[in-house]
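Trainee: Structure for this input, please:
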Amino acid sequence: MPLYEHVFLARQDVSAQQVETLTEQMTGVITDNGGSVGKKEYWGLRPLSFRIKKNRKAHYQLIDIDAPPAAVAEMERQMSLNEDILRFMTIKVEEHTDQPSAILTRRDRDDRRGGRGDRPDRGDRGPRGDRGDRGGDSRPRRDDNDSSED
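Mentor: So this is what the prediction gives:
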């Protein structure tokens, strides 16, 4: 059977428990149609690049699937009918990995790195508008004594 990676985005106002319930429903559709599900990764509530159906954030979920194409088509059909699911994408892959996805490994790396509060003191730069005698304006200055209109 072909191998797939499936990612779906759920609305921001549903809880993580409801996302887990949605995942179990879709897993049930796959297993009822002769497939199997590998790892499931919940990526959390993340900001979207643009609004989707008036949502600025979404719950992300990844599922590894080993199923016939008909089972995947049925799961996608049911997802398109569900109002809690904003978007989904299924990709056919050569093999599944046991390691965490790139999203989870990046989040772990960012957690180890520390927050922005660990930065050293950058000194006193003064107020933002204090940029010398011209007040931050980089255009050449024209004096009233300059008369180039002769």
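
Trainee: and Gly34, that's in a strand?
Mentor: No: counting by DSSP: H, G, I helix; E, B strand; the rest coil, one finds Gly34 to be coil, located in no strand.

Trainee: Touching, it and Ala67? I think so.
Mentor: Yes: contact between Gly34 and Ala67 holds when scored by C-beta atoms under 8 Å: they sit 6.8 Å apart. (Each C-beta comes from the backbone N, C-alpha and C, glycine too.)

Trainee: Between the two, which has more neighbouring residues?
Mentor: Legend: neighbour count by other C-beta atoms under 10 Å for Gly34 and Ala67, higher for Ala67 (23 against 11).

Trainee: Quick check on the more buried one: phi, psi?
Mentor: Here is the backbone geometry of Ala67 (degrees, to the nearest 10): phi -150, psi 160.

Trainee: quick one: low-confidence parts of this structure?
Mentor: For the chain, the stretches flagged by pLDDT under 70 are 107-150.

Trainee: those strands in it, which residues are they?
Mentor: For the chain, the strands defined by DSSP state E cover 3-11, 36-52, 55-66, 85-93.

Trainee: Note down every partner strand of the first one and its orientation.
Mentor: In the sheet containing strand 3-11, the strands it pairs with under DSSP bridges are strand 55-66 (antiparallel), strand 85-93 (antiparallel).

Trainee: C-alpha coordinates for stretch 7-14, CSV please?
Mentor: What follows is the C-alpha trace of stretch 7-14 in CSV, where atoms were taken according to Å, rounded to 0.1, in the frame of the first residue of the first chain:
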residue,chain,number,x,y,z
VAL,A,7,-1.5,17.4,7.7
PHE,A,8,-4.7,19.2,8.7
LEU,A,9,-5.4,22.6,10.3
ALA,A,10,-8.3,22.9,12.8
ARG,A,11,-10.0,26.1,13.9
GLN,A,12,-8.3,28.2,16.6
ASP,A,13,-11.3,28.1,18.9
VAL,A,14,-11.5,24.3,19.3
